[in-house]
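Trainee: Give me a 3D structure for the following:
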Amino acid sequence: MSKNIEKRVPTELGTEKVGRLLMQYAIPAIIAQTAASLYNMIDSVFIGHIPDVGAEAISGLATTFPFMNLSAAFGAMVGVGGATQLSVRLGQRDYDSAKNILGNLVTLNLIVGTLFAVISLLFLDEILFFFGASETTLPFARYFMVVILLGNPITHLYFGINAALRASGHPKQAMYATIITVVMNIILAPLFIYILGWGIRGAALATMLSQSITLAWQTKLLSNPDELLHLQKGIYKLKKDIVKGILAIGMSPFFINAAACVVVIIINKGLRSYGENGDMSIAAYGIANRMQFIFVMVVLGLTQGMQPIVGYNYGARRHDRVKKALTLTIFWGTAITTLGFAICEFMPETVAHAFTTEPVLIEHAAWAMRVMSIFMPLIGFQLVTTNFFQSIGKVNRSIFLSLTRQVLLLIPMLLILPLFIGEKGVWYSMPISDIIAATLTVIMLVIQFKEWKKESTEYRP
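Mentor: This next block holds a predicted model:
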């Protein structure tokens, strides 16, 4: 291997101190994810303050969350699966495979993003009604989703390339890409919504235009021929083994987001069926969910910083460094969600007021935040551990933990508890699922550590 290429291979992942590496890789990812969570909140905040229709518009936007989760599920299946494969191949010094993984990641994102958009647009109204929209909120949801879906291939490619940048040793560039998108959206959204009078359509258009411009910059970054991994001829043709590997690892994040989609649908339907004012309850959930989403995204940024460290060292059979990275990430992930718990429990009215000036909606949203966040500190631990299993290729365990809270626990509770205690049953289902899921996660992690201990004993010279 030439000296030029050697310099560009992120070998520090196997030699630098783990704590310093985690800071180096996680801080840019955390900043990027914080920006991304604010990016998602921007639409809600601006839309919630549209004169005369803000509350209805927020409720309509909340019914699009399942759509966004489902789109993210397919995007994560390709992006996370490809990024994990890249990290492992770099750890194994299999650079030819890494180049083809990058090309296949681009092709798959374009195919999946286009298919999802076409199918969704064909049945848009029916899907939105199924997701919980009412006759009042459907127009707002439809205006928003038409624009978002038309740009869906761009969105998938934007997130996929960002994942590739992080995995190939460019966490700062991935961070800059997200920040650029957020800043542009903050500038364009109020211009399109209020000044040009485009309303909720303007919010969606600001999102897509911001992503499109940033994608052009990302493409330029990855077109540098001096980089070991760059966009070049001959890497875009889909290869069966690579696609199979990407999808196998990507099934875990896919199920996480797909399950989240199903959960939001059931929550919306439950709030509409059991609540005195269905649209108001759904809007309150939309605000509370957005607030929790900020801290979840920060933890996911932390796990994105952990992923290349864990993937590289697992590929190099450095289990001591893998454990160190996991332990540090769990500590900081728990600290982040504990901060979220404190904000949601002690100042929810202040948070809700940022989204709306409607007194009744503020009261509903504040109560929702308090209930949903009771066991929020445990969410950080569970997210980190789930992504850890994904990073070391333990796909079945990652999928099991991904589905535990959402499918095995939360969905049954959402269907059963409201039969006995009405709308409150919908709200209480969420924290109950958190505590049980965290307990199961501890058990799975203990099993993994015992397996490693056994391996080290068996192969000790």
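
Trainee: how about the residue lying closest to L110 once chain neighbours are set aside, what does it touch?
Mentor: Excluding its sequence neighbours, the residue lying closest to L110 (CB to CB, 6 or more residues apart in numbering) is P153, at 5.6 Å. Every C-beta, even on glycine, is put in place using the N, C-alpha and C of the backbone. Going by CB atoms under 8 Å, 6 or more residues apart in numbering, P153 touches 109-110, 113-114, 117.

Trainee: And P153, how far from F355?
Mentor: Distance of P153 to F355, computed by CB to CB, to the nearest Å: 30 Å.

Trainee: mind checking pLDDT for E458?
Mentor: Looking at E458, its pLDDT stands at 56.

Trainee: same question but for R290, I mixed them up
Mentor: At R290, pLDDT is 86.

Trainee: these two touch, right, it and T356?
Mentor: No: judged on CB atoms under 8 Å, R290 makes no contact with T356 at a distance of 11.6 Å.

Trainee: residue boundaries of the strands in the chain?
Mentor: With DSSP state E, there are no strands along the chain.

Trainee: got a list of what D43 touches?
Mentor: 61, 144, 189, 203-204, 207.

Trainee: How many residues are close by G422?
Mentor: As a burial measure, G422 scores 14 neighbours (other CB atoms under 10 Å).

Trainee: got it, and L326?
Mentor: Residues near L326, counting by other CB under 10 Å, number 24.

Trainee: wait, isn't it in contact with T386?
Mentor: No: judged on CB under 8 Å, L326 makes no contact with T386 at a distance of 11.6 Å.

Trainee: Look at the residue minimising distance to the centre of the chain and report its pLDDT.
Mentor: For the chain, M297 is the residue whose C-alpha lies nearest the centre (CA atoms, centre = their mean; 6.3 Å). M297 carries a pLDDT score of 85 in this model.

Trainee: Now the buried members of the contacts of D43.
Mentor: The neighbour-count test (16 or more other CB atoms under 10 Å) marks 61, 144, 189, 203-204, 207 as buried among these.

Trainee: Just the ones of those in helices?
Mentor: Judged by DSSP state H, helices contain the following of the buried ones among the contacts of D43: 61, 144, 189, 203-204, 207.

Trainee: which among these gets closest to I50?
Mentor: A203 (9.2 Å; CB to CB).

Trainee: ok so, going back, just the buried ones among the contacts of P153, please.
Mentor: Buried among the contacts of P153 by 16+ other CB under 10 Å: 109-110, 113, 117.

Trainee: and the residues you listed as a markdown table, adding pLDDT and distance to Q85?
Mentor: Below are those laid out as a markdown table (pLDDT from 0 to 100; distance: CB to CB, whole Å):
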| residue | pLDDT | distance to Q85 |
| --- | --- | --- |
| N109 | 92 | 14 |
| L110 | 94 | 18 |
| G113 | 93 | 19 |
| A117 | 95 | 25 |
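
Trainee: farthest-separated two in those?
Mentor: Spatial extent of the buried ones among the contacts of P153 (CB to CB) is set by the pair N109 and A117 at 12.2 Å.

Trainee: Show the contacting residues for L215.
Mentor: When contacts are counted by CB under 8 Å, 6+ apart, L215 is found next to 154, 157-158, 161.

Trainee: May I have the residues that are in contact with the closest residue to V384 other than its chain neighbours?
Mentor: Of all residues beyond its chain neighbours, the one nearest V384 is G333 (4.2 Å), with distances taken as CB to CB, 6+ apart. G333 makes contact with 299, 302-303, 380-381, 383-384, according to CB under 8 Å, 6+ apart.

Trainee: cool, and Q390?
Mentor: Counting by CB under 8 Å, 6+ apart, Q390 touches 80, 84, 249, 252-253, 307, 398.

Trainee: what's the answer for K239, then?
Mentor: When the contact criterion is CB under 8 Å, 6+ apart, the partners of K239 are 100, 104.

Trainee: What's the separation between it and G103?
Mentor: Per CB to CB, K239 is found 9 Å from G103.

Trainee: Over to G425?
Mentor: Distance from G425 to G103, by CB to CB: 49 Å.
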